[in-house]
Structure formats: structure tokens, C-alpha cells
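Enquirer: no sequence on this one, just coordinates:
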């Protein structure tokens, strides 16, 4: 595989082009990795009271629904967002994953998983007391995703 970088002064925006004879698994992984790096810079607007906060996605541990609202949890704070979970699921980078009907996790922030029922579990995050719950349906896909990252 060759990697080439071309510097052009007149470009308004950086462009990444991947040329390949086939769309192999390796090429797809490269595309996903580049997309994840680019999206890490993405910031969403969150709300707490009358204040708007612009936080990088990397700070978010998980999103969850409660009382018809969607909340984003960081290590120390909880913020409200105007997006629905299905909207977030479509726009978030690949390191976020749906783990139940009411939660999406940042898989990069998972510290531990404790199996509770035959296939469901509790996820803990490093540096905080916060926990999220993974439903039976999503337990194996989450476990597989975490194994993939090793």
C-alpha cells in the first residue's frame, strides 16, 4: 500500500482520496479510521439551564433518554441535547454504539463490563461513578466491538 500526501496552497479544505481496485475490508477500515479522527473534532451543542455548551464528542461517555429527553453524560456533568437517540445514532462517529433502547455509549471510554443477567451487563467508565446498562440484544455486538479494538 502506498501513502502519498500532496500540499496545495490554493485548497480551501483538505481532501482525502483513497484509490483502490476493490473496496476491501482493509480499505473500509482505513475509511472508518479517517472518519473517526475527523469527527473527534466535531462539537455538538448541549444545554444546562439557560446556558449552551459546545463540547467535543470525545468528552461524552454516553447518551441516555429519561422522561422524553436525551441527556449526554460527561465524567462530571449531565447536559440535555435537542437530538433524539436515532438522530445521534446516525450522526455520531463509529466509536459510539447503541447498547439499549435508551442508550448510546462511547466505546473508547469503557473501563469495565460486569455481566448481570445471562447476556446483559453494566458498563463502568474510568474516573467516574457513572454507569450505563447494556441490554441482552446488544451485549454480544458490544463485546465483539471491544474485542475488535484489541
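Expert: Arrived safely. Predicted model, so just to flag it, every value in this text is computed and none were measured.
Enquirer: and residue 143, how many neighbours does it have?
Expert: For residue 143, the neighbour count with other Cβ atoms under 10 Å is 15. Where C-beta positions appear, they are placed from N, C-alpha and C, glycine not excepted.
Enquirer: helices or strands next to whichever strand or helix holds it in the packing?
Expert: Element membership of residue 143 [criterion: DSSP states H and E] is helix 136-148. Applying 3 or more Cβ pairs under 8 Å, 6 or more residues apart in numbering; DSSP states H and E, one finds that helix 136-148 contacts strand 96-100, strand 110-115.
Enquirer: 10 Å instead, please
Expert: The helices and strands touching helix 136-148, judged by 3 or more Cβ pairs under 10 Å, 6 or more residues apart in numbering; DSSP states H and E, are strand 96-100, strand 103-106, strand 110-115, strand 121-125, strand 131-134.
Enquirer: residue contacts, residue 112?
Expert: Going by Cβ atoms under 10 Å, 6 or more residues apart in numbering, residue 112 touches 121-126, 131.
Enquirer: who wins on neighbours among those?
Expert: With neighbours taken as other Cβ under 10 Å, the top of the contacts of residue 112 is residue 123, carrying 23 neighbours.
Enquirer: ok, back up a step: CSV for the helices and strands packed on helix 136-148, including mean pLDDT and distance to residue 61?
Expert: Below are these laid out as CSV (pLDDT from 0 to 100; distance: least, Cβ to Cβ, whole Å):
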stretch, mean pLDDT, distance to residue 61
strand 96-100, 95, 10
strand 103-106, 96, 6
strand 110-115, 91, 9
strand 121-125, 94, 5
strand 131-134, 94, 8
